[in-house]
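Q: Give me the fold of what follows.
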Amino acid sequence: PRGFPASLGGGGGDAGERQAAVPEDEIWNDALERRFAFGQVLSACFEAFSAGANDVSNATGTLIAVFDTLSTGSVITGLTPNYWAAVLASFAIVLGLSTLGSRVMATIGENLTLVTPSRGLAAEVGTALSLLIAAYAGIPVSTTHCSVGAVVAVGLCETQGFRKVNWKLIAKILVTWAATIPAAALMSCALYAAMRPAVLSQGWVPNWGALNATGGRFRDVCNGTVEVRQCVVFVP
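A: As a prediction, the model looks like this:
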């Protein structure tokens, strides 16, 4: 059918309210969009691959670093992939997607601007390429941030594109992005402060062999003690 399909938000919601400003032929051309439908499936897989290269690495990096440090008794300068951690993180991502992911999908796919297979394909490929470039450079970025930017850019490319983007929602998203940094910092500080007394009360025997194998990089001043509060490893 021509016009704005109900499955894409027509007849209601932020995207539906902007339908009146767009000619029907520009919103949806059935023959054209059908050609891009399968391509969008591939682009979604491409974006998922890129998310794994960046977001899954974000989730597992700290876990693997702590595990390697406890296993070797030394500070690790280069991490080796641990596939059990990747599988664990992937399972958690799928669980989160199946339980609460529909809310974010509705925000990006329906409420930011008009999204059809052709527009979605362009946004997903742009997101995937951005994630892969960042992953290659070793820079952790957010798939969500890239997706929002790509979808908004696609909307701006339309005729009268500025009118077809939900700027009120964009403002809410930007405020939330800014708030999540101090919010995450405060919650992690509170959690660590609550755990710290219990952690410091536990004994810890350093892996002396691993420390000595560093070739003098680390200078041990523990003097054989097993009390964490009295044992410090200095980096010269």
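
Q: residues touching Thr143, list them.
A: Thr143 makes contact with 47, 50-51, 54-55, 127, 131, according to C-beta atoms under 8 Å, 6 or more residues apart in numbering. Every C-beta, even on glycine, is put in place using the N, C-alpha and C of the backbone.

Q: Among the residues you listed, name the ones in helices.
A: Among the contacts of Thr143, the members falling in helices (DSSP state H) are 47, 50-51, 127, 131.

Q: of those, closest to Ala171?
A: Minimum distance to Ala171 across the ones in helices among the contacts of Thr143 is 21.1 Å, recorded for Thr127 (C-beta to C-beta).

Q: give me every residue that touches the closest one.
A: Going by C-beta under 8 Å, 6+ apart, Thr127 touches 47, 50, 143, 146-147, 149-150.

Q: Can you name the element that comes right after the helix or strand where Ala44 lies?
A: For Ala44, the host element (DSSP states H and E) is helix 30-51. Downstream of helix 30-51, the next assigned helix or strand under DSSP H and E is helix 57-72.

Q: Skip ahead from that following helix and say which helix or strand is next.
A: Counting by DSSP H and E, what follows helix 57-72 is helix 83-106.

Q: where in the chain is pLDDT low?
A: Segments of the chain classed as low confidence (criterion: pLDDT under 70) are 1-28, 72-81, 199-236.

Q: okay, now Thr159: neighbour count?
A: By the measure other C-beta atoms under 10 Å, the count of residues near Thr159 is 10.

Q: Could you give the secondary structure assignment for it?
A: What DSSP: H, G, I helix; E, B strand; the rest coil gives for Thr159 is coil.

Q: Contact partners for Gly126?
A: 146, 150, 153.

Q: For the longest helix along the chain, which residues meet the burial criterion?
A: What stands out as the longest helix in the chain, according to DSSP H, is helix 167-200. Residues 169, 173 are the ones in helix 167-200 that count as buried (16 or more other C-beta atoms under 10 Å).

Q: With stretch 83-99 instead?
A: Of the residues in stretch 83-99, 85-86, 89, 93 count as buried by neighbour count, 16+ other C-beta under 10 Å.

Q: likewise stretch 34-41?
A: 36, 39-40.

Q: Dump those to CSV, plus distance to Ala179.
A: Listed next are the buried residues of stretch 34-41 as CSV, based on distance: C-beta to C-beta, whole Å:
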residue, distance to Ala179
Phe36, 36
Gly39, 36
Gln40, 32
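
Q: now, which of those sits nearest Leu63?
A: Set against Leu63, the nearest of the buried residues of stretch 34-41 by C-beta to C-beta is Gln40 (32.9 Å).

Q: ok, back up a step: I'd like to know which of the contacts of Thr127 are buried.
A: 47, 50, 143, 146-147, 150.

Q: just the residues you listed now: which is nearest Thr116?
A: Checking the buried ones among the contacts of Thr127 against Thr116 with C-beta to C-beta, the nearest one is Ala150 at 14.2 Å.

Q: Okay, that closest one and Gly120: tell me how far apart.
A: 10 Å (C-beta to C-beta, to the nearest Å).

Q: Same question for Gly61.
A: For Gly61, the distance to Gly120 (C-beta to C-beta) stands at 30 Å.

Q: So if I had to pick from these two, which one is more boxed in?
A: Under the criterion of other C-beta under 10 Å, the comparison of Gly61 against Gly120 puts Gly120 first, with 23 against 14.

Q: For Lys172, give its distance to Leu186.
A: 21 Å.

Q: Same check on Phe49?
A: Counting by C-beta to C-beta, the gap from Phe49 to Leu186 is 34 Å.

Q: Over to Ala135?
A: Taking C-beta to C-beta, one finds Ala135 at 28 Å from Leu186.
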